[in-house]
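In: Quick check, what structure comes out for this input:
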Amino acid sequence: MDNEIIKAENHSEEIYTSIRSFVITAQNKVYAAVNTAMVIAYWEIGEQIYKACGENDRAEYDKNLLKYLSDKLTAEFGKGFDESNLRRMRQFYLTYPIRDTLCHELS
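Out: You can find the predicted model right below:
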């Protein structure tokens, strides 16, 4: 009888290990998908800011726009959208201006 209990426990552990592997694999795929989506979102935000502000992000309109966007986005989505991050997103777009090659260049 004890031998059957040990076999059942070993089998249960094997099933747990297998299921655990599936969960970890799925989590890693989710993290990768989220990271890719956020990279693309930041690039698109940078593109929009660049198109609105042009080359110079120091002009008065640009400062007002960044402040406005920062206030609105932070109020709705929380931290991560301060003016310096929005400038970084704009710079990110300028550094990688071709979206189709973006993920290849960053991987």
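In: Show the residue spans covered by the helices in this protein.
Out: For the chain, the helices defined by DSSP state H occupy 2-53, 60-77, 83-95, 99-106.
In: Of those, which stretch is the most buried?
Out: Compared across the helices of the chain, helix 83-95 shows the largest average neighbour count, a mean of 17 (mean count of other CB atoms under 10 Å). Glycine gets a C-beta too; all of them are placed from N, C-alpha and C.
In: Any stretches of this structure with poor pLDDT?
Out: Within the chain, the segments meeting pLDDT under 70 span 1-2, 8, 55-61, 103-107.
In: now with 80?
Out: Applying pLDDT under 80 to the chain picks out residues 1-10, 54-63, 101-107.
In: Let me see the contact set for the nearest residue to residue 69 once chain neighbours are set aside.
Out: Excluding the flanking residues, the one nearest residue 69 by CB to CB, 6 or more residues apart in numbering is residue 86, at 6.0 Å. Contact partners of residue 86, counting by CB atoms under 8 Å, 6 or more residues apart in numbering, are 45, 49, 66, 69-70.
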